[in-house]
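Structure for this input, please:
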Amino acid sequence: MFLAIKEMRYAKLRYGLIIGIMFLIAYVVFMLSGLATGLSWQFKQAIVDWQAETIVLSEDANQAFAASQLTRQDLTGVKGADKGADKAPIGLYSAGIKGDGEQVNVSVFGTDTDAFILPKVTEGQMFKENGEVIISQNLADKGYEIGDLVKIGKSDEKVKIVGIFPETFYSVTPVIYTSLDSLTALKYPGQVFASEEEQPLNIVAVKESQVELTNDATTKLEQMKVADFIEKLPGYSAQNLTLNAMIYFLFVIVAAIVGIFMYVMTLQKTAIFGVMKAQGISNRFIASSIVGQAFIVGLVGVIIAVAAAYGTSFILPEVMPFSIDWQLWSIYSGILLVVAIIGGLFSIRTVAKVNPISAIGG
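The predicted structure is shown next:
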């Protein structure tokens with residue numbers, strides 16, 4: 001390691017260039033990772049907040065939230081859970097909200113007033129009557145306040161904001177909670193249902209991991225683990241796969257760039273290595289020096305990249321989802337160091353083939 005550091009201090013410009021390239025690639029890795037984590041979280045955060053284990057939906061929905069069509073009567077087909085405490089019917093309505101604040105797209109969830117999935121209200125109170133809603137803090141940040149009367153979707157009826165709960169997202173949109181009756185009125189304005197049991201909902205969230213489905217439901221039911229349900233969210237898997245694939249390609253690029261640079265510099269130092277061998281210095285010592293240089297290049301580049309990416313996270317615009325997963329960043333840092341070392345290993349064969357006599361012109 002002493003030889004590696006001494007040589008790097010002597011050729012600061014060349015090794016500074018390699019560290020700079022390593023930094024740029026690592027910086028892109030961490031930025032892509034932050035964006036991937038942020039997007040992923042904004043797709044699924046509301047569902048994770050439910051703290052449910054199982055999702056029950058219609059069998060013909062192809063495991064898609066919005067495509068699942070159930071009725072309140074179908075709740076009788078979900079056994080092994082008590083309504084409210086462990087079993088929560090959920091309706092979904094994606095629409096725009098209009099009021100005094102900025103017009104934005106929102107995801108409206110309808111459920112029972114005592115459902116376990118409901119978040120804790122930080123301001124105001126929980127909805128109790130039809131026409132009342134609670135909104136997430138990220139929607140409140142856009143100008144909506146407690147007491148506002150707003151229109152949601154195609155309904156002409158106004159609903160009243162009575163409470164605010166912590167920031168959350170579903171499919172990258174702010175979240176609203178209301179009662180099932182209010183959701184039905186918003187989603188199906190003017191439509192009359194024969195009975196309360198025939199009123200629609202989309203899914204049932206259950207706290208338990210194992211749920212018994214019976215024939216009491218009028219719809220054929222299917223159950224899924226929450227993790228599998230999240231993977232089926234529209235666009236979730238595709239965007240994760242795309243961003244992660246870009247990160248994995250960057251790992252290969254790191255190995256190639258470090259390998260090429262170290263190989264070229266090894267060729268330039270063939271005569272020096274010949275003299276060292278003639279003096280009795282082993283191939284192992286020289287190889288360890290090259291690997292040590294690759295490690296230092298990777299380590300310095302990664303440290304600077306982590307610091308730069310962390311600093312960048314504070315100046316990114318609010319509309320750009322960015323979330324730091326330190327555990328994942330630690331894994332990526334380790335991988336970057338490993339691939340940098342692998343790049344350095346490409347030059348070892350060249351060192352081993354150096355003939356002392358030929359190298360010094362004998």
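
From residue 308, how far off is residue 336?
14 Å (Cβ to Cβ, to the nearest Å). From N, CA and C alone the C-beta is placed, and that goes for glycine too.

make that residue 197, sorry
In terms of Cβ to Cβ, residue 197 sits 58 Å off from residue 308.

quick one, helices of the chain?
In the chain, the helices defined using DSSP state H lie at 2-10, 12-50, 137-140, 180-187, 226-231, 236-268, 270-278, 283-312, 326-345, 348-352, 356-359.

pLDDT of the longest one, averaged?
Right, helix 12-50. Mean pLDDT, computed over helix 12-50, is 91.

Repeat that for stretch 340-357.
pLDDT averaged over stretch 340-357 gives 74.

got it, and stretch 220-230?
Mean pLDDT, stretch 220-230: 92.

Look at it and report the distance between its end residues.
Stretch 220-230 has an end-to-end distance of 21 Å (Cα to Cα, to the nearest Å).

Now do it: everything it contacts.
Applying Cβ atoms under 8 Å, 6 or more residues apart in numbering, the contact partners of stretch 220-230 are 43-44, 47-48, 50, 52-61, 63, 65, 70, 74, 77-78, 206, 209, 211, 213, 232, 236.

Check the spacing between residue 230 and residue 52 real quick.
To residue 52, residue 230 is 11 Å away according to Cβ to Cβ.

so what's residue 59 up against?
Counted by Cβ under 8 Å, 6+ apart, residue 59 has contacts 219, 220, 221, 222.

want to try TSV for the residues you listed, with neighbour count and distance to residue 240 as columns?
Putting the contacts of residue 59 into TSV (neighbours: other Cβ atoms under 10 Å; distance: Cβ to Cβ, whole Å) gives the following:
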residue	neighbour count	distance to residue 240
219	17	31
220	12	30
221	21	28
222	16	24
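
Of those, just say which sits nearest to residue 191.
residue 219 (18.8 Å; Cβ to Cβ).

Quick check on the closest one: phi, psi?
Note on residue 219: its backbone torsions stand at phi -110, psi 140 [degrees, to the nearest 10].

wait, doesn't it sit right on residue 71?
Yes. The criterion here is Cβ atoms under 8 Å, and residue 219 meets it with residue 71 at 6.9 Å.

Show me which of residue 336 and residue 308 is the more surrounded one.
More neighbours surround residue 336 than the other of residue 336 and residue 308, with 25 against 16 (other Cβ atoms under 10 Å).

so that one makes contact with residue 26?
Yes. With contact defined as Cβ under 8 Å, residue 336 reaches residue 26; the gap is 5.5 Å.

about what we covered before: tell me which of the helices of the chain sits nearest to residue 113.
Residue 113 lies closest to helix 180-187 among those, at 9.3 Å (Cβ to Cβ).

any idea of the mean pLDDT for that closest one?
Averaging pLDDT along helix 180-187 yields 92.

Inside strands: which ones of the contacts of stretch 220-230?
54, 55, 56, 57, 58, 70, 78, 206, 213 (DSSP state E).

Identify the bridge partners of the fifth one.
So that's residue 58. residue 221 (DSSP bridges).

so how many other residues sit close to it?
For residue 58, the neighbour count with other Cβ under 10 Å is 21.

mind listing what it touches?
Contacts of residue 58 were listed using Cβ under 8 Å, 6+ apart, and they are 67, 68, 69, 70, 219, 220, 221, 222.

The second one and residue 205 touch, don't they?
No. Between residue 68 and residue 205 there is no contact, the gap being 11.9 Å when judged by Cβ under 8 Å.

could you measure residue 286 against residue 340, distance?
18 Å.

can you check residue 107 too?
Look at residue 107 and residue 340: by Cβ to Cβ, they are 43 Å apart.

Now residue 151. Nearest residue, chain neighbours left out?
Residue nearest to residue 151 in three dimensions, not counting chain neighbours: residue 98, with 4.6 Å by Cβ to Cβ, 6 or more residues apart in numbering.

ok, how many other residues are close to the one you found?
Neighbour number of residue 98 under other Cβ under 10 Å is 14.

Just to check, it is in contact with residue 148?
No. Using Cβ under 8 Å as the test, residue 98 is too far from residue 148 to be in contact (10.6 Å).

Could you list the low-pLDDT ranges of the protein?
Applying pLDDT under 70 to the chain picks out residues 1-11, 80-85, 216-217, 271, 273-275, 277-278, 351-362.

Domain boundaries for it, per the record?
As assigned by automatic domain parsing, the chain contains the domains 2-44+237-359, 70-218.

so can I have JSON lines of those domains showing distance to residue 226?
Output for the domains of the chain, formatted as JSON lines (distance: least, Cβ to Cβ, whole Å):
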{"stretch": "domain 2-44+237-359", "distance to residue 226": "9"}
{"stretch": "domain 70-218", "distance to residue 226": "8"}
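
follow-up on the earlier one: mind checking how far the residue nearest to residue 151 is from residue 161?
Counting by Cβ to Cβ, the gap from residue 98 to residue 161 is 13 Å.

residues bridging contact with those two, i.e. touching both?
Residues touching both residue 98 and residue 161 (Cβ under 8 Å, 6+ apart): residue 150.

quick one, which of residue 230 and residue 52 is more surrounded?
residue 52 (24 against 18).

Correct me if wrong: that one contacts residue 204.
No. Residue 52 sits out of contact with residue 204 when judged by Cβ under 8 Å, with a separation of 9.3 Å.

number of nearby residues for residue 307?
There are 13 residues near residue 307, going by other Cβ under 10 Å.

do the one 5 residues further on as well
Burial of residue 312 is recorded as 14 neighbouring residues (other Cβ under 10 Å).

again with residue 333
19.

Ok, residue 330 next?
Residue 330: 11 surrounding residues under other Cβ under 10 Å.
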